[in-house]
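Asker: What would the 3D arrangement of this be:
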Amino acid sequence: MTDETKDIIARVKVLREIAEISREDLCRKLGFNSTEYIQWEEGEKDFPIGALVEIAAHFKIDLTELVNGRPSRLTTYCITRAANAPEVSRRPMYAYWNLAYKFHNKRGEPFLVEANPETENKPINLNTHPGHEFDYVLEGRLLMSVAGHEEELRPGDCIYYDSNEPHGMKALGGSRARFLAIIM
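Answerer: Purely as a prediction, here's the structure:
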């Protein structure tokens with residue numbers, strides 16, 4: 001487990017303790033599977049980025065503060081210059097860059113995501129999180145699975161879905177797939 005993961009877990013636990021809310025109550029309020037949540041909080045599995053978005057919203061803090069321990073401050077607009085977005089490492093098959101990490105009280109979380117080409121011959125890793133998600137493919141080919149339906153997406157294609165449904169994706173064609181993901 002990385003130091004970043006340990007820090008995120010510690011911040012989630014502190015937020016729960018301050019709010020005097022049990023794991024079970026948090027799971028019930030956010031619609032998480034309690035067994036899976038315990039694995040996240042014990043460091044047995046990584047928190048999915050969508051779950052972190054929901055936890056941050058529930059405790060009324062920005063995702064940036066939950067993940068990095070530092071608050072965002074901008075309220076009118078923010079610019080993230082090319083190659084300057086902080087990486088949010090959550091799962092080895094994906095790399096996430098937070099594109100609006102400086103903006104305070106966002107209504108959605110925009111990320112640049114890269115799907116690793118090494119996952120092509122492996123099954124799609126599915127997850128769920130409350131809310132909706134919008135993904136727009138920039139390069140490569142992406143196999144999307146949402147609620148048991150699979151669709152191949154190419155550059156310029158996009159998908160909007162209820163992220164409460166089991167969903168996941170993987171790169172196709174032996175090369176990475178890059179896409180914009182907005183979690184709401």
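
Asker: show me what contacts the spatially most central residue of the chain?
Answerer: Note on the chain: the residue nearest the mean C-alpha position is I49, at 2.0 Å, using C-alpha atoms, centre = their mean. Contacts for I49 (C-beta atoms under 8 Å, 6 or more residues apart in numbering) come out as 88, 90, 96, 109, 111, 129, 183. Every residue, glycine included, has its C-beta placed from N, CA and C.

Asker: Excluding covalently adjacent residues, which one is nearest to L66?
Answerer: In space, and not counting its chain neighbours, L66 is closest to A56: 4.5 Å by C-beta to C-beta, 6 or more residues apart in numbering.

Asker: Check the secondary structure at that neighbour for me.
Answerer: helix (DSSP: H, G, I helix; E, B strand; the rest coil).

Asker: what about L138, distance to L112?
Answerer: 8 Å (C-beta to C-beta, to the nearest Å).

Asker: intersection of neighbour lists for those two?
Answerer: Once C-beta under 8 Å, 6+ apart is applied, the residues that L138 and L112 both contact turn out to be 178-180.

Asker: Pipe the residues you listed into CSV and attach distance to I8 and pLDDT per row.
Answerer: What follows is the shared contacts of L138 and L112, written out as CSV (distance: C-beta to C-beta, whole Å; pLDDT from 0 to 100):
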residue, distance to I8, pLDDT
R178, 24, 97
F179, 24, 97
L180, 23, 97
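
Asker: Quick check: PyMOL command selecting the buried ones in those residues.
Answerer: Filtering the shared contacts of L138 and L112 down to the buried ones (16 or more other C-beta atoms under 10 Å) takes a single PyMOL command:
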select buried, resi 178+179
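
Asker: Same drill for L138 and L112, tell me which one is more crowded.
Answerer: Ranked by neighbour count (other C-beta atoms under 10 Å), L138 and L112 place L112 first, with 17 against 14.

Asker: For the residue in the chain sticking out farthest from the centre, grab phi and psi.
Answerer: Here the chain reaches farthest from its C-alpha mean at E20, the gap being 25.2 Å by C-alpha atoms, centre = their mean. Here is the backbone geometry of E20 (degrees, to the nearest 10): phi 50, psi 50.

Asker: Tell me how far it lies from F111.
Answerer: 32 Å.
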